[in-house]
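In: I need the structure of the sequence given here:
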Amino acid sequence: MSSTPLLDIHTHNLSIGASHLIFNPSNIEVPSSYKNKTGVYVSVGFHPWHLESSYNEKEWSTFEELSLSDDIIAIGEAGLDKIKGAPMDLQQESFQRQIAWASKVQKPIIVHNVRASEEVWHALKKEEGNLTAIMHAFRRNKKVAQRFLDLGHYLSFGHPLLFDKNLQEVLKYIPKDRFFLETDGFDGVFIKEMYEKAAAILKTDISSVSLQTFENFNTLFPKNKIDYGAPKLVIKN
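Out: Residues are numbered from 1 along each chain as shown. Below is the predicted model of the structure:
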């Protein structure tokens, strides 16, 4: 357990040592056990890996209705994956539809991108100025990072930051008001080690990194602002 409040911007697992997190369930739902739980926010969307079994008009109607709720603060994760998942035409249809919906309901979208940066960039470009994305598990270079930053989006760094020198340089390069940290729910990856690594890369301390990510969250989610000084429920490892 960490005494410093820690924000995990994207996870599929609650038991990660975070005080606040955005939880992404595998289905289009808000599990009742997570509703109104202190520090837990929820995103819903159609993941590109599971479209063939989950993406249909009935589920889309459920998604639309649910995503209008205050229980849902973000759309996704949604995106494109050239290594794994549904056929690319179905991925593109689903992704563009979710982008348009996120823009309509004015909620940020959490983006899954595997070897499809050009296509993802063009899809997001269509809603430039109307939509903000969190580029989940970002793993590209400074040039690609800048392209997404120029559209007004945020970059989130997952466990590869612990060992990937390129990513560490990207974190040092980008504006500090445009990044988040995440575990993605990976077994054996804890949010505290992500903050420890980020602090070392940025030559600062965990508290400063934590405060910055909470400020970034409050900018991106003004309806769900977190009082950094308030007592926090820290979820145990």
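In: What are the boundaries of the strands in this structure?
Out: 7-11, 20-23, 40-44, 72-81, 109-114, 133-135, 154-157, 179-181 (DSSP state E).
In: Adding mean pLDDT, distance to S94 and mean neighbour count, write those strands out as a markdown table.
Out: In short, each C-beta sits where N, CA and C put it, glycine included. Output for the strands of the chain, formatted as a markdown table (pLDDT from 0 to 100; distance: least, Cβ to Cβ, whole Å; neighbours: other Cβ atoms under 10 Å):
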| stretch | mean pLDDT | distance to S94 | mean neighbour count |
| --- | --- | --- | --- |
| strand 7-11 | 97 | 18 | 26 |
| strand 20-23 | 95 | 20 | 25 |
| strand 40-44 | 95 | 13 | 22 |
| strand 72-81 | 97 | 7 | 24 |
| strand 109-114 | 98 | 11 | 25 |
| strand 133-135 | 98 | 15 | 29 |
| strand 154-157 | 98 | 21 | 25 |
| strand 179-181 | 98 | 24 | 25 |
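In: could those strands go into CSV alongside distance to K192?
Out: Formatted as CSV, those follow (distance: least, Cβ to Cβ, whole Å):
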stretch, distance to K192
strand 7-11, 10
strand 20-23, 13
strand 40-44, 18
strand 72-81, 23
strand 109-114, 22
strand 133-135, 21
strand 154-157, 14
strand 179-181, 10
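In: Can you check which of these gets nearest to E52?
Out: With Cβ to Cβ as the measure, strand 72-81 is the member of the strands of the chain nearest E52 (12.9 Å).
In: Using CSV, list the CA coordinates for the closest one.
Out: What follows is strand 72-81, C-alpha atoms only, in CSV (Å, rounded to 0.1, in the frame of the first residue of the first chain):
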residue,chain,number,x,y,z
ILE,A,72,-19.4,6.2,-17.1
ILE,A,73,-16.7,8.9,-17.4
ALA,A,74,-15.0,7.7,-20.6
ILE,A,75,-15.6,5.6,-23.7
GLY,A,76,-13.3,2.7,-24.5
GLU,A,77,-11.1,1.1,-24.7
ALA,A,78,-11.6,1.3,-28.4
GLY,A,79,-9.2,1.3,-31.3
LEU,A,80,-7.3,-0.6,-33.9
ASP,A,81,-4.9,-3.6,-33.6
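In: between that strand and strand 7-11, what angle do the directions make?
Out: Angle of strand 72-81 versus strand 7-11, following axes from the mean of the first three to the mean of the last three Cα atoms, to 10 degrees, is 50 degrees.
In: Neighbouring strands - and their directions - for strand 72-81?
Out: Here strand 72-81 has these sheet partners by DSSP bridges: strand 40-44 (parallel), strand 109-114 (parallel).
In: Mind checking those strands for the one nearest to K197?
Out: Each of the strands paired with strand 72-81 has some distance to K197 by Cβ to Cβ; the shortest is strand 109-114, at 21.4 Å.
In: Any figure for the gap between N13 and L6?
Out: Applying Cβ to Cβ, to the nearest Å, the value for N13 to L6 is 14 Å.
In: on that earlier part again, which one, of the strands of the chain, ends up nearest to T213?
Out: Here strand 7-11 is closest among these (Cβ to Cβ), at 4.8 Å.
In: What is the distance between the closest one and the centre of its chain?
Out: 7 Å (Cα atoms, centre = their mean, to the nearest Å).
In: is it true that K84 touches A116?
Out: No. Counting by Cβ atoms under 8 Å, K84 stays clear of A116, with 11.5 Å between them.
In: between those two, who's got more neighbours?
Out: Just comparing K84 and A116: by other Cβ atoms under 10 Å the higher neighbour count belongs to A116, 21 against 8.
In: G39 versus the more buried one, what's the distance?
Out: For A116 relative to G39 (Cβ to Cβ), the value is 32 Å.
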